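Asks: pasted the sequence and its predicted model underneath.
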Amino acid sequence: MRLTLKKIAELVGGEVVGDGGTVVTGVSGIKEAKEGDITFVASERYASLIDETGASAAVVSLNEEGRKYCIPVVKVKNPDLAFVRIVESFAPKPVEFAKGIHETATVSSSAKVGEDVTIQPNCVVEDGAEVGDGTVLCAGVYVGHYASVGKNCLIYPAVCIRERCVVGDRAIIHSNTVVGSDGFGYSTIRGVHYKIPQVGIVEIESDVEIGANVTVDRARFGRTLIKKGAKIDNMVQIAHNVTIGENCVIAAQTGIAGSTMIGDNVQIGGQAGITGHLVIGNNVKIAGRSGVTKDLADDACVSGFPAQDRTKELKDMASLRKLPDLLGQVKKLEERVRELEREAENDS
Amino acid sequence: MRLTLKKIAELVGGEVVGDGGTVVTGVSGIKEAKEGDITFVASERYASLIDETGASAAVVSLNEEGRKYCIPVVKVKNPDLAFVRIVESFAPKPVEFAKGIHETATVSSSAKVGEDVTIQPNCVVEDGAEVGDGTVLCAGVYVGHYASVGKNCLIYPAVCIRERCVVGDRAIIHSNTVVGSDGFGYSTIRGVHYKIPQVGIVEIESDVEIGANVTVDRARFGRTLIKKGAKIDNMVQIAHNVTIGENCVIAAQTGIAGSTMIGDNVQIGGQAGITGHLVIGNNVKIAGRSGVTKDLADDACVSGFPAQDRTKELKDMASLRKLPDLLGQVKKLEERVRELEREAENDS
Amino acid sequence: MRLTLKKIAELVGGEVVGDGGTVVTGVSGIKEAKEGDITFVASERYASLIDETGASAAVVSLNEEGRKYCIPVVKVKNPDLAFVRIVESFAPKPVEFAKGIHETATVSSSAKVGEDVTIQPNCVVEDGAEVGDGTVLCAGVYVGHYASVGKNCLIYPAVCIRERCVVGDRAIIHSNTVVGSDGFGYSTIRGVHYKIPQVGIVEIESDVEIGANVTVDRARFGRTLIKKGAKIDNMVQIAHNVTIGENCVIAAQTGIAGSTMIGDNVQIGGQAGITGHLVIGNNVKIAGRSGVTKDLADDACVSGFPAQDRTKELKDMASLRKLPDLLGQVKKLEERVRELEREAENDS
């Protein structure tokens, strides 16, 4: 694959500054780029790296008007998006799966399978389950009794969708993720734990993407709900009866305990934890590794454990770094006060 | 499904206060309930919510004698347990799997398969493995060489039970959990890590439930042991040679490092971590996100990282919040002492 | 299995002190050992335990010359390594899988399968994929389009290796691990998240071992790289475009965010987190549960969150434990200073 910079500029509706005849043979990050690569500067934070890059060309923002570049560039409004289009031009063709039901798949005669569906080897689709038009079930996917998967979904190998759970249109679910495992609930009588039946479901709305090895537990009753457009990274744990709002973004290894309700557009960093029965408002930002133990109002921005306002947390942490010195300081201060007291005693 | 409140009271051996003719059509949590639903008040903590619930009826505790309710209620000794029975009445019928071995399963001729066993599509049961009476292996379960699964177990899709591991009766294991992966152990010689063979097993006693995407590593030698009645949530990591005591409850995303021994009835919150080679006593409570680095005596109650007595931890954390102010306070104090010293100097 | 201590000493090239005729029937850890077992003392830290062990014999270090033992011992240079050999003598024979392709496996006619390969039930090997000589794919393993697995690998049940990913020779990958799931990347326009295609791959070099339920995301472009000899424990999350250096050891439940580059011989404890776009030097040690937020120079040794030099972190934590007292101390000091000020006022 070889494209001139001029050609690339046409592709993304940008403007060349420098040699439009420069030949581009690949795409790369700004640090790893080598000759022939085109790279991009997504934010001003990385702008200075362009002087050291090994790339032959770059996509940059229209905004940085005054700036001079040592390599030919394509100026666009949104370098991040433009680069997505360029990457696709250079990318290998996406995998295509043959339509139809593979002979090794086990699909119940009472299952409803839509048009243009792909059901790969060793899939199991149980009684009463539904698979919508255009959906791909990769190898070894399990769709339980009366569960339904919407249209144009891409369900990667070995995903398990348990009975009666509902997955909306255009969902992408990565390998080994479990949707609808039992919620974790017991009644304890004299030290013995009796299982509380988890008879609810998981409902996943449209345009949701869920990473690999995620667990979403079914509700005790009612539903565990992931609203439309939410994006969930690998190994996130979502407990029973949780609600995840629209367009939330939740990074890897985060855990959300039972019945917590998370508003729309919430961003949660990796390895965060949120205790049960909380209400988290809209547009909240929760930093990575935070442990949230209280309700949060709309637009809150928190970090730490127990999580608190991010500014206060940073201050507390900076103070903690000074604590060993403070201990010494106070000790000396005490000596000085004792000395002053002694003197005062002698004076009187 | 429609039941009168009178009928429900009979079902759970309770007493109606209010209109016994109230028709109930569903069950729900107290916050999400709508007309037609019955809900419940499990603890006094939630009692006040009953005045705002949308439910048409509720199950409440006999103990709260003086209390008036704005909706008809059923009074019982244990609302939580009574509600379990009501939920089951309204729940869809549990999934039933046909007995027998599915034609796509691969079961070794030397495996011992009990009576009334269900082996679903694509299961693999290796040479010498045993599956006890009444047990269900859902689709794609793997039972390794000479491994054994007890009676009346429910093993969800794609669980992997490796060679020689032992699972007791009535175990429930959720999807994609791995029992018997190799412990993580190497001998490092001149910077290169040589694998230490992990030739032990995992033994899981009776009445244990294990969540989805859990990993339980096999012992270096001997066994990794989970004692009877223990309940383990999703994505918990249990390293080689660990012992989990009877009736322990371990919440999601917790990790327990190698050779640690945990007593009976221990409760561990989510995302906790316990380092290796520790001895944790009976009835210990470890709060969520704790990092335990030392042995703990019976009945200890700890939190924080490094974990310490919960009361002390709360005090430390509260103090930390005051630290930025303290720094300022000490600075001012120093100035005042300096001033006093100056004055004393002048006086003498 | 029964061996005399004399026989065992020959096996490991050691020297018997005590009764060489002692019959050994099993191996065990020093705490759990019972009559008939042989155990070992790997480090001086555990040396005192030998007086209380139930074992009939032990493997000990040549170095501890003066020491007397209450049970017969075999003295060797490296007890840890010697014990590995003894354990193997007593261990059950490792599982052997029949060579060839199982009839239930689905192997594309365009896949290249080497010699002496074992492909177990329900495996799927897609178009253009390669499986090297002597490699074992256990039940249900998925090898995607144009992916390749090297020679003499052992890939445990239900591992998923996605399209175009590359796994080197002698790799061991444990069950339910996902190699090549999409990196977590979106462009957000007016609150809606558009997927950024992840067209790169994962490349795993030779002699790497990866635990169970691990996720290694494919690169946005280019590759996510795990260099030779690295050892990765269960449930580790490795995000897109990360590089893991040679012979790194990463304990369970650790997460490494996108584009971070980790040097050679780095050791990372369990449940640690490393944010994205960092550069971590060679030979760095990161304690368990650390949260690394900044680049680290070669040989750094850090802990805490935000992670800092381990010595400083220990000092900070020790200080924190004294903080509640300090608050009281400063309060008293203030009173004393006020009193001195009052006196000074009166004097003047």
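Replies: Received the coordinates, thanks. These figures come from a predicted structure and were not determined experimentally.

Asks: give the contact list for the residue nearest to A:Asn282 when sequence neighbours are not counted.
Replies: Distances taken as C-beta to C-beta, 6 or more residues apart in numbering or on different chains place A:Gly263 nearest to A:Asn282, at 3.8 Å, with adjacent residues excluded. Any C-beta I mention is one placed from the backbone N, CA and C, and that applies to glycine too. When contacts are counted by C-beta atoms under 8 Å, 6 or more residues apart in numbering or on different chains, A:Gly263 touches A:245, A:280-284, A:298.

Asks: of those residues, just the buried ones, ChimeraX syntax please.
Replies: Buried members of the contacts of A:Gly263, defined by 16 or more other C-beta atoms under 10 Å in any protein chain shown, are picked up in ChimeraX with:
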select /A:245,280,281,282,283,284
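
Asks: name the nearest of the contacts of A:Gly263 relative to C:Lys31.
Replies: A:Ile280 (45.1 Å; C-beta to C-beta).

Asks: show me the beta-bridge partners of that closest one.
Replies: A:Ile262, A:Leu296 (DSSP bridges).

Asks: A:Ala300 contacts A:Lys285, doesn't it?
Replies: Yes. Shown here, A:Ala300 and A:Lys285 form a contact pair, counting by C-beta atoms under 8 Å, at 7.4 Å.

Asks: so between those two, which is more surrounded?
Replies: A:Ala300 (21 against 17; other C-beta atoms under 10 Å in any protein chain shown).

Asks: tell me the backbone dihedrals of the more buried one, please.
Replies: According to degrees, to the nearest 10, the main-chain angles of A:Ala300 amount to phi -60, psi 150.

Asks: please name the residues that touch it.
Replies: By C-beta under 8 Å, 6+ apart, the contact set of A:Ala300 is A:281, A:284-285, A:309.

Asks: what would these look like in JSON lines with secondary structure and pLDDT?
Replies: As requested, those are arranged in JSON lines below (DSSP: H, G, I helix; E, B strand; the rest coil; pLDDT from 0 to 100):
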{"residue": "A:Gly281", "secondary structure": "coil", "pLDDT": "98"}
{"residue": "A:Val284", "secondary structure": "coil", "pLDDT": "98"}
{"residue": "A:Lys285", "secondary structure": "strand", "pLDDT": "98"}
{"residue": "A:Asp309", "secondary structure": "strand", "pLDDT": "97"}
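
Asks: ok, the contacts of A:Gly263 vs chain C, which is closest?
Replies: Nearest to chain C, judged by C-beta to the nearest C-beta, of the contacts of A:Gly263 is A:Asn283 at 9.3 Å.

Asks: that closest one: which element?
Replies: If you go by DSSP states H and E, A:Asn283 is not part of any helix or strand.

Asks: how much space separates it from chain B?
Replies: 22 Å (C-beta to the nearest C-beta, to the nearest Å).

Asks: likewise for A:Lys31?
Replies: 27 Å.

Asks: pipe the contacts of A:Gly263 into JSON lines and attach distance to C:Lys68 per row.
Replies: Output for those, formatted as JSON lines (distance: C-beta to C-beta, whole Å):
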{"residue": "A:Gly245", "distance to C:Lys68": "69"}
{"residue": "A:Ile280", "distance to C:Lys68": "63"}
{"residue": "A:Gly281", "distance to C:Lys68": "69"}
{"residue": "A:Asn282", "distance to C:Lys68": "71"}
{"residue": "A:Asn283", "distance to C:Lys68": "70"}
{"residue": "A:Val284", "distance to C:Lys68": "65"}
{"residue": "A:Asp298", "distance to C:Lys68": "71"}
